[in-house]
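*Asks:* fold the following, please.
(one chain, ligands or ions: 1)
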Amino acid sequence: MNVLGIDIGGTGIKGSLINIKTGELTGDHLRIQTPPSLKPEPVLDVIEEIVDHYKWEGLLGCGYPGVIIQNVINTATNLDPSWIGINLAEKIKEKTNNTSWIINDADAAGIAEMHFGAGRNIKGVVIVLTVGTGIGSAFFADGQLFPNTEMGLIIMNKNFAERSISSVARERENLTWEDWAKRFNHYLQYLNTLFSPDLFIIGGGGAIEPNNYVPYLTIDTPLVPAEHRNNAGMIGAAMAALNQQI
Ligand code: BGC
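*Replies:* Residues are numbered from 1 along each chain as shown. Predicted coordinates for the structure are as follows:
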């Protein structure tokens, strides 16, 4: 069975049909640049474009980069503030006539990794981090998600941690991978102190090539790259829609 998975990011919006049984993409994914205004209406136009591309009439799961409570958007750290208060599932229904379920993008990626990827069958405390326009987090205890954690927003050096360790920060400041990894290592050590996880899973477009940064990490806690790389968000959003999870 397929569900259409969509992942709204600060730089790109991706969609693909997802085989819910296997967690695999059915065919190719489509990536469209996030409209520069970062406002709801143009992003909804992109969602409509993705739905039309796949001629999709069915269930749709959508990852969004902020806190979501029952399909209602609570924060818009890296998007326009006019998103706040919107019921995105209702808007998608108006626009495409499809039923959808909205979930935080990192929680979606985490769900995919815990079911079909690096966290498969792992008990204990697992922290999944996504490195992209922001830093997203998903927390699991014995496979159970604690939703809407915002570990990119913990304060480090008087600012949100993601302001200095996102891939946008790495590019903006022209950091070498070694310099970036040192910052990231510091951040991981802090999370370690706070939460004592058994495993870190690192995903997102900004950390797609582990060889770039893993050699510079000194953290003792086991750390593995996300197996589904940049697709985990779409896969997990589709899975969450089926289960109407969180
Ligand atoms: C948002 C999170 C999101 C992360 C990754 C952060 O700025 O606050 O909700 O998961 O970016 O997109």
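*Asks:* please work out the average pLDDT along the longest helix seen in the chain.
*Replies:* Ordering each helix of the chain by length in residues (DSSP state H) puts helix 177-195 first. Taken as a whole, helix 177-195 has a mean pLDDT of 97.
*Asks:* is whatever helix or strand comes next after it up against the ligand anywhere?
*Replies:* Downstream of helix 177-195, the first helix or strand assigned by DSSP states H and E is strand 199-203. No: using CB under 6 Å from any ligand atom, strand 199-203 never reaches the ligand; the gap is at least 10.5 Å. C-beta coordinates here come from the backbone N, C-alpha and C atoms, glycine included.
*Asks:* after strand 199-203, which helix or strand is next?
*Replies:* Using DSSP H and E, the helix or strand that directly follows strand 199-203 along the chain is strand 223-225.
*Asks:* what does whichever strand in the chain runs longest rub up against?
*Replies:* Longest strand of the chain, by residue count under DSSP state E: strand 24-33. If you take CB atoms under 8 Å, 6 or more residues apart in numbering as the criterion, strand 24-33 is touched by 2, 11-19, 46, 49-50, 53-54, 231, 234-235.
*Asks:* just the ones in strands from those, please.
*Replies:* Counted as lying in strands by DSSP E, out of the contacts of strand 24-33, are 2, 12, 13, 14, 15, 16, 17, 18, 19.
*Asks:* right, and residue 108 touches residue 228 too?
*Replies:* No: the pair residue 108 / residue 228 is not scored as a contact, 10.8 Å apart, by CB atoms under 8 Å.
*Asks:* one step back: okay if I get the ones in strands among the contacts of strand 24-33 as CSV plus distance to residue 166?
*Replies:* Shown next, in CSV, are the ones in strands among the contacts of strand 24-33 (distance: CB to CB, whole Å):
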residue, distance to residue 166
2, 32
12, 14
13, 18
14, 18
15, 23
16, 24
17, 29
18, 26
19, 31
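*Asks:* residue 108 and residue 228: who's more crowded?
*Replies:* Between residue 108 and residue 228, counted using other CB atoms under 10 Å, the more crowded position is residue 108 (34 against 21).
*Asks:* excluding its backbone neighbours, what's nearest the more buried one?
*Replies:* Nearest non-adjacent residue to residue 108, counting by CB to CB, 6 or more residues apart in numbering: residue 236, 3.4 Å away.
*Asks:* next, count neighbours for that neighbour.
*Replies:* Residues near residue 236, counting by other CB under 10 Å, number 36.
*Asks:* that one: what's it in contact with?
*Replies:* 5, 61, 63, 103, 107, 108, 109, 110, 111, 112, 113.
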